[in-house]
Structures are given as structure tokens and as C-alpha cells.
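A.B. asks: With the sequence up front, the predicted model follows.
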Amino acid sequence: MYKRQSFVSLRLIVYSLVALVANGDYLIGLGSHDMTGPAAGVNMMGYANMEQVTGGIHFRLRARAFIVAESADGSRIAFVNLDAGMASQLVTIKVLERLKSRYGDLYNEDNVAISGTHTHAGPGGYLQYVTYSITSLGFVPQSFDALVKAIELSIAQAHDNLKPGSIFINTGDLENAGINRSPSAYLFNPPEERAKYKRNVDTLMTLLKFVDKSSGKSIGAFSWFATHGTSMSRDNKLISGDNKGAAARFLEDWFAAGNKNSSAAINTRLEGSQGAVLNQASRIKATGGQACSKTASQSAKVRKNDGSRFVGAFCQSNVGDVSPNVLGAFCLDSGKPCDFNHSSCHGNDQLCVGRGPGYPDEILSTKIIGERQFQKAVDLFTSAEEEITGKIDYRLVYLNFTDIEVVLDGNQVVKTCPAALGPGFAAGTTDGPGVFGFQQGDTEINEFWKKVRDAIKEPSQHQVDCQKPKAVLLDTGEMFWPYAWAPAILPIQILRLGKLIILSVPGEFTTMAGRRLREAVKETLISYGNGEFNDDTQVVIAGLTNTYSQYVATFEEYKQQRYEAASTLYGPHTLSAYIQEFKKLAQTLARGDKNIGKGPSPPDLSSIQISLLADPLGDSPPPGIKFGDIKRDVITKGNFKLGDRVNATFWSANPRYDLLTEGTFAVVEMLQGDKWIPAYDDDDFSLYFKWDGPFYSSGSYGLATIEWEVPQEASAGIYRLRHFGSFRTMKNSPVSYFTGASSAFTVS
Ligand SMILES: *[C@@H]1O[C@H](CO)[C@@H](O)[C@H](O)[C@H]1NC(C)=O
Ligand SMILES: *[C@@H]1O[C@H](CO)[C@@H](O)[C@H](O)[C@H]1NC(C)=O
Ligand SMILES: *[C@@H]1O[C@H](CO)[C@@H](O)[C@H](O)[C@H]1NC(C)=O
């Protein structure tokens with residue numbers, strides 16, 4: 001009897017253990033950290049437009065991370081989403097080094113994925129290959145450090161937050177947040193393949209919802225959806241997370257407000273704030289510049305990062321040919337649609353520009369495309385019922401894409417090529433046209449440009465033949481001076497979270513390229529998985545992850561040589577090589593093989609980076625002025641209404657002396673009793689911090705304009721604008737902090 005009972009209880013224990021795993025209990029941690037880089041004078045990453053340098057902040061950039069572990073010593077994965085143009089090999093290498101010194105082998109190249117949202121409005125200079133740092137005048141340590149630190153700290157926060165919880169998955173279609181910007185190239189894909197799909201872009205959003213077990217509270221949501229971070233144009237100077245960063249801001253604020261509207265969010269903020277006690281003098285009149293500490297800017301922050309906040313992230317997918325400028329591309333002169341095959345207007349590519357839904361207001365377009373993704377995520381979040389159960393697993397290999405042998409259907413053997421860019425690359429896209437008079441679809445280069453090219457690097461005959469029908473305009477894969485212009489070694493990675501398979505790709509797959517890859521991986525998993533995988537297995541592509549190697553178009557799209565094809569680095573069989581190698585990797589995952597060859601490690605080029613962009617040399621205000629003093633006050637007469645814009649300009653110093661990480665350069669304060677309470681900061685969509693000044697002369701100063709568009713949810717009351725900043729008087733002198741406030745004004 002006794003024996004029998006213990007047998008029963010043993011069985012119970014075993015059953016409940018199994019049930020625990022089957023119930024999808026994982027250890028889950030989320031984290032987030034400010035990664036906003038230098039807000040003055042640094043070239044932005046994305047459009048390769050030298051004139052587009054940072055001049056303030058629309059809203060801050062963040063690294064958002066989740067970690068999921070089977071158990072404390074079981075398999076785990078970490079995924080980090082960056083409000084950045086893309087992941088960078090060197091950033092990944094340095095983050096992994098830091099994780100190793102913190103956690104040993106717990107987080108490593110195999111189980112960590114670092115992905116970029118593809119905003120084109122973040123400071124550049126953090127990639128190690130020459131092609132991606134020409135317009136930023138080389139490597140920019142301050143941009144780089146801001147990213148590495150934020151990724152490390154977002155993972156550390158997620159790690160410290162690890163607690164039992166469950167994960168729900170949901171998917172749904174979002175129809176109006178992306179259109180194909182190269183529809184003529186899409187038409188090159190076989191008709192029977194196109195017939196399988198309703199649209200020439202993917203509309204599926206896949207969302208994970210993370211729930212804490214003990215409290216039952218949601219702690220975060222990550223979603224994947226393909227649309228370019230080009231709602232903000234190539235002329236924008238304000239740091240911005242573009243539409244995905246905006247969606248994340250909206251989702252996190254929505255959650256903070258108790259899943260209600262945003263005016264509730266404002267009230268929640270005001271309730272939680274400590275505020276600064278007023279002295280009588282500062283009650284109505286502008287305060288002159290005063291010294292303060294760095295922490296003053298942090299305590300004025302509306303959303304404080306104590307590690308307990310809900311984390312909402314919008315990740316990128318097969319974005320290659322997907323534009324958020326959903327009204328289509330039109331000629332600036334005639335207002336007519338552009339030439340279909342070349343996206344030009346009577347031969348001029350610069351006249352053909354895509355229009356977002358808020359055209360001509362790019363901020364409005366960013367907001368609308370952000371809101372559409374946010375709303376869809378809310379739908380999926382609130383209706384997510386399917387719980388994820390099952391294994392956590394991962395695989396990564398490095399490949400030298402210079403000469404991969406690819407066996408095509410029918411056993412024909414072809415090869416990839418060293419990286420190269422064609423003329424369609426220089427033509428740019430309808431989201432940001434290029435400058436040299438090239439057109440998308442060009443497969444010839446004229447004698448003049450051939451001479452220019454050959455002066456830089458004449459491509460080898462092998463390269464010319466290999467890349468056909470692309471004409472080699474820039475032979476980046478054969479250029480090594482002063483260091484490599486393009487990557488040769490790329491990582492491909494698979495993360496498994498139960499039924500969800502995440503494919504980390506180091507580039508921008510076009511819609512059809514992504515579909516082919518997902519399908520091939522899924523078929524492989526089902527064939528080799530011994531029943532572990534089935535039709536219900538969901539495969540998502542995480543674009544721009546771990547490193548960056550531009551675009552991947554299909555073999556057929558490559559024939560037309562539009563921008564995406566001209567930027568497909570490794571020749572016409574680039575996609576086939578990815579599919580072949582991902583299938584091999586998927587097989588090892590499906591079979592449970594752990595001992596796979598890792599391939600050649602990517603180089604660490606940090607010691608040979610060239611940086612031509614100077615740091616600011618020291619600032620001083622003009623005689624009789626203190627930093628933080630008002631240059632031009634707000635209009636204090638009359639009332640501001642919802643939707644009005646109010647601004648004030650302060651004497652200020654270069655914001656590069658201190659990035660005020662997790663702090664703020666700009667605050668809107670509201671008078672509550674006798675205290676000024678921070679109500680909006682430079683993370684808010686309604687508040688702009690604009691900086692203007694000479695960037696690199698000593699003894700200089702600049703002007704900071706804080707502009708607030710009184711949002712619809714603002715309460716009536718008395719407000720003022722406040723600026724925080726810092727300066728050095730000389731390049732190596734200590735940093736001092738200052739603040740100043742405008743006069744009070746009323747909103748009715
Ligand atoms: C675009 O190019 C294709 C051939 O590639 C041609 O058949 C088609 O007529 C062209 N369309 C337009 C509108 O020029
Ligand atoms: C990649 O392969 C090419 C051709 O075999 C070789 O020349 C090159 O050194 C390799 N690149 C790296 C970084 O290992
Ligand atoms: C700032 O406000 C002033 C009125 O005080 C207005 O003339 C000016 O155009 C505004 N500047 C900006 C950049 O909105």
C-alpha cells in the first residue's frame with residue numbers, strides 16, 4: 001500500500017513536471033534601454049545622403065530585448081530589437097564580448113539575435129565596412145558606443161527580470177502599412193508563383209505576447225511585420241525611430257495607461273511625478289540658465305526606466321521592396337505617376353518620390369503608419385489565446401558568400417560572387433532617390449562612369465561575368481583599401497521558440513525572396529523533424545539581423561536590376577545560396593544535431609577603423625549669456641489650443657558632450673499646485689528638440705529650440721517648456737550641466 005502510494009505520488013510529480021513544460025512555462029525576461037546617439041552633426045544611416053546630419057531629436061531610440069529560457073540551466077534565446085537602421089557586425093561582436101564577461105557562455109553568438117528596425121533617422125557610423133561609413137566620414141565611436149551599451153544593458157535588464165511566465169502567439173493581416181516599391185520587378189517572378197499570393201507584399205503581422213506567471217500581468221509584446229523605415233525622408237534632421245519606433249512608443253504608452261486612451265497615460269504620468277517646487281520668481285517668467293546635475297534631466301524624464309515597464313517592440317521582416325509610402329510614387333513636376341519600370345520622370349530619377357499617407361507631412365506619415373502597426377498589434381495582443389509550448393533551440397553558421405557553390409534544381413551547379421553594386425543602387429529608390437543620374441533597371445554603365453569606376457577599382461573579369469546581368473558599378477567585394485568595403489562572411493541563424501521559427505537574416509529580403517526562404521525552411525523542418533514540426537509551424541523572417549549586407553532579390557527580380565537587385569551583393573544566385581544553406585541549418589535543428597561546423601568567423605575591424613568626424617571642441621556662450629538662457633521666449637499672451645504649436649529657443653551647447661541617456665533634452669512641465677510636473681519629454685511624439693549651431697569649432701555655442709504641438713489628449717492648464725543640456729569649455733575639460741525654462745503659458 002505504502003509502496004503503491006509513493007508510486008502514485010512519483011507519477012504525479014512526473015506528470016506535473018511534464019504538464020509544467022507542456023503548459024508553456026518558460027523563464028521570461030524583458031528589457032529596454034535608451035540608445036539615442038549623437039543629436040548634432042552626425043550623418044544619418046540609411047539614405048547615404050551626406051547632407052542629412054542629425055540636428056535634434058523627434059523621439060528617442062531604444063534597444064528592446066526579450067530572453068526566453070526553458071529553465072534556469074536550460075536552453076535560452078535572447079532577441080534584441082534596435083531602433084537602428086540595421087544590425088552591425090562590429091556591434092554584434094562587441095556586445096557578445098561584453099555578454100561573455102558578464103555571463104560566461106550563457107549568451108553567445110548562437111543564441112543571441114540583434115535586429116534593426118531599419119529606421120533611416122538614426123545617427124550612423126557604427127558599421128565596420130567602408131561602403132556603410134562613407135557618408136558618415138568613417139566610423140563614429142559615439143554612435144557605436146551608444147548602441148553597444150544599450151544592447152548590453154537591455155539584455156542585462158531582461159536577464160535580471162527572468163521569471164516564470166507564458167507566451168502567446170497571434171497573427172493577423174495589416175493591409176495598409178506597406179506597398180511594393182518595385183512592382184515591375186515583382187512581375188518578373190513566375191506567374192504560377194505569384195498566383196499563390198493575393199498581394200505583392202506580405203501583410204502578415206506575427207505577435208508574441210509575454211505574460212508573467214505570478215501576477216498574470218502582461219510584460220511585453222514583440223511583433224514582426226515588413227515595411228521600410230522610410231516614412232521620414234532623406235531631408236529629415238531629427239533623430240526618430242520612424243514608423244516602427246513610433247508604433248513601439250504608442251503601444252508602450254497605451255499599456256501604461258491601463259490599455260486605455262492616451263489621455264489616461266498623461267494622468268498616470270502626472271500622478272507618478274515628484275515635480276520641482278517653485279519659487280515665486282520662476283512661476284510665470286522664464287528662468288535664466290542655471291547649473292544643474294545630469295540627474296536633473298533623468299528625474300525630469302516622464303518614462304523612467306526602472307526595469308518594470310512593459311516592453312513593446314516592432315521588428316522588421318522581409319522588407320526589401322516594401323515601402324510605407326502607400327499612396328505611391330509620383331513625379332514632383334507633373335504630379336503624374338512615375339515611369340513604371342524605372343521609377344523616373346522623363347529620365348530623371350530624382351523627380352520621382354513616394355508619398356506617405358500624410359503627404360506632404362512626413363511626421364504625419366510616420367504617425368499614421370506607426371498607428372496602423374500599433375492598432376494591429378493591439379488587436380493581436382488583446383485577442384492572443386494560443387499559448388506557445390515546446391522546445392527552445394537555435395543554430396548559427398557563418399558563410400563566406402564570396403564563392404558558395406549552389407546546386408540548383410536539375411543539379412546545375414552555380415556560384416555566388418564577391419560583393420558588388422550595380423547602377424540601380426546609385427539610382428536609389430522612390431523612398432529616397434539617388435544623385436548621379438542613374439535609373440533603376442539600368443544594366444549598362446556609360447564610358448564616363450566606367451572610367452570613374454576603374455579609377456577606384458576595375459572589377460576582375462570573373463566578377464564582371466559572375467554578376468551578370470548586373471553591371472558592376474562599385475566592386476565592393478574586391479575593394480580592401482583602407483579596409484574591406486563589403487562583408488564576405490555572413491551569419492545565418494535559426495531561433496526556435498516552440499512552434500515559432502525565427503530566421504535571422506543579415507539583410508533586406510524582398511517579399512518573394514522571403515516567401516521562398518520561409519517555405520523552404522518549413523518544408524525542411526517538416527521532412528526531417530520526426531513529427532516535431534507540421535503545417536502549423538510558423539516561420540518569420542527577422543530582417544537586418546546580426547550584421548548587414550544590403551538586399552536579397554530573387555533570381556528573376558535580379559534580371560530587372562532595380563535598386564533591390566542592384567544591391568543584391570553576391571550575384572544572381574544570392575537567394576539560392578541562402579535557401580540552400582538555411583535548409584542545411586534547418587536540417588540540423590530538426591534532427592537535433594548540435595555538432596555543426598561554425599564556418600569562418602567574421603573579422604573584427606575595430607582597430608583599423610578611420611574616423612574623420614571630429615568631436616566638438618568645447619563650447620562657451622556669448623558674453624553676458626549663460627547656457628540655458630532664453631533666446632526667444634514663448635508667446636505668453638492668449639491661450640494655446642489643442643493642435644497649436646508653441647516653441648521657445650534657448651542658448652545651448654552641442655548635445656554631443658553628454659547624450660543624456662535615459663534622460664531628456666526637452667520637457668513640457670505642467671503646473672500642479674505650486675509644483676512644475678514633467679508631462680512630456682523628448683520621447684514624446686508631440687515634443688521636438690531641435691538643435692542648430694556650428695558643429696566643430698571651439699568656443700562655439702548653438703541654439704536649442706523646443707517645440708510642442710499641443711496634443712489632443714493634453715489637459716487644460718498652465719505649462720512651460722524646459723531645456724536640459726551640457727557642455728565642456730574645452731575638449732577635455734569636465735562636463736557641466738545646465739537647464740532653463742520658458743515663461744508659463746496656458747492651454748485651454
Ligand atoms: C516594362 O518592361 C517590360 C519588359 O521588361 C515591358 O514588357 C513593359 O511593357 C514595360 N512597361 C512599361 C509601362 O513601360
Ligand atoms: C572568402 O572566400 C574568398 C574566396 O575563396 C577568399 O579569397 C577570402 O579570403 C574569404 N574571405 C574571408 C574574410 O575569409
Ligand atoms: C516659434 O514660435 C514663433 C512665435 O513665437 C513663430 O514665429 C515661429 O515660427 C515658431 N518657430 C517654429 C520653428 O515653429
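C.D. replies: Perfect, I can see it now. Ligands and ions are numbered 1, 2, ... in the order given.

A.B. asks: wait, doesn't residue 720 sit right on residue 740?
C.D. replies: No: counting by Cβ atoms under 8 Å, residue 720 stays clear of residue 740, with 10.3 Å between them. Just so you know, the C-beta spots here come from the backbone N, C-alpha and C atoms, and that holds for glycine as well.

A.B. asks: out of everything not next to it in sequence, what's closest to the spatially most central residue of the chain?
C.D. replies: Closest residue to the average C-alpha location of the chain: residue 117 at 2.4 Å, with Cα atoms, centre = their mean. Nearest residue to residue 117 in three dimensions, chain neighbours excluded: residue 244, at 4.1 Å (Cβ to Cβ, 6 or more residues apart in numbering).

A.B. asks: mind checking the SS state of the one you found?
C.D. replies: helix (DSSP: H, G, I helix; E, B strand; the rest coil).

A.B. asks: Neighbours of it, how many?
C.D. replies: The tally of other residues near residue 244 (other Cβ atoms under 10 Å) stands at 30.

A.B. asks: now do residue 340
C.D. replies: Residue 340, neighbours per other Cβ under 10 Å, totals 10.

A.B. asks: okay, it: pLDDT?
C.D. replies: The model reports residue 340 with a pLDDT of 97.

A.B. asks: which ones are touching it?
C.D. replies: When contacts are counted by Cβ atoms under 8 Å, 6 or more residues apart in numbering, residue 340 touches 183-184.

A.B. asks: Would you mind confirming that the residue nearest to the centre of the chain makes contact with residue 64?
C.D. replies: No: in this structure residue 117 lies outside contact range of residue 64 using Cβ under 8 Å: 9.6 Å.

A.B. asks: ok, and the closest non-adjacent residue to residue 386?
C.D. replies: Of all residues not flanking residue 386 in the chain, residue 169 sits nearest, at 5.4 Å (Cβ to Cβ, 6+ apart).

A.B. asks: And the one you found, how far from residue 211?
C.D. replies: Going from residue 169 to residue 211 by Cβ to Cβ, to the nearest Å gives 12 Å.

A.B. asks: And for residue 380?
C.D. replies: From residue 380 across to residue 211, the span is 14 Å (Cβ to Cβ).

A.B. asks: Looking at the two now, which is surrounded by more residues?
C.D. replies: Between residue 380 and residue 211, residue 380 has the larger neighbour count (other Cβ under 10 Å), namely 22 against 19.

A.B. asks: host element of the more buried one?
C.D. replies: Assigned by DSSP states H and E, residue 380 belongs to helix 362-382.

A.B. asks: quick one: is that helix near ligand 3?
C.D. replies: No: Helix 362-382 does not reach ligand 3 (Cβ under 6 Å from any ligand atom); its nearest approach is 12.7 Å.

A.B. asks: now for that helix, which elements pack on it?
C.D. replies: When contacts are defined as 3 or more Cβ pairs under 8 Å, 6 or more residues apart in numbering; DSSP states H and E, helix 362-382 sits against strand 163-173, strand 204-212, strand 218-224, helix 242-256, strand 311-315.

A.B. asks: ok, and which of those has the densest surroundings?
C.D. replies: Ranked by mean neighbour count, the helices and strands packed on helix 362-382 are led by strand 311-315 with a mean of 30 (mean count of other Cβ atoms under 10 Å).

A.B. asks: continuing past it, what's the next helix or strand?
C.D. replies: The element immediately downstream of strand 311-315 (helix or strand, assigned by DSSP H and E) is strand 322-323.

A.B. asks: what's in contact with the next helix or strand along the chain from that next one?
C.D. replies: Following strand 322-323 in sequence order, the next helix or strand is strand 328-331 (DSSP H and E). When contacts are defined by Cβ under 8 Å, 6+ apart, strand 328-331 is touched by residues 179, 181, 336-338, 343, 345, 351-355, 430.

A.B. asks: Now the buried members of those residues.
C.D. replies: Taking 16 or more other Cβ atoms under 10 Å as the criterion, what is buried in the contacts of strand 328-331 is 179, 181, 338, 343, 345, 351-355, 430.

A.B. asks: Out of those, the closest to ligand 2 would be?
C.D. replies: Ligand 2 lies nearest to residue 181 out of these, by Cβ to the nearest ligand atom, at 32.1 Å.

A.B. asks: can you tell me how far the closest one sits from residue 455?
C.D. replies: Look at residue 181 and residue 455: by Cβ to Cβ, they are 32 Å apart.

A.B. asks: likewise residue 367?
C.D. replies: Separation of residue 367 from residue 455 (Cβ to Cβ): 45 Å.

A.B. asks: So these two - more neighbours on which side?
C.D. replies: Taking other Cβ under 10 Å, residue 367 and residue 455 do not tie; residue 367 has more neighbours (21 against 8).

A.B. asks: Report the contact partners of the closest residue to ligand 2 within the stretch 551-700 of the chain.
C.D. replies: Taking Cβ to the nearest ligand atom as the measure, the stretch 551-700 of the chain has residue 600 as its residue closest to ligand 2, at 5.0 Å. If a contact means Cβ under 8 Å, 6+ apart, then residue 600 has 398, 400, 489 as its contacts.

A.B. asks: what do you get for residue 547?
C.D. replies: The neighbours of residue 547, taking Cβ under 8 Å, 6+ apart as the test, are 87-89, 92, 487, 490-491, 506, 602.

A.B. asks: that older thread, specify the angle between the helix holding residue 380 and strand 163-173 in degrees.
C.D. replies: 120 degrees (axes from the mean of the first three to the mean of the last three Cα atoms, to 10 degrees).

A.B. asks: Before I go, just wanted to say thanks for your time.
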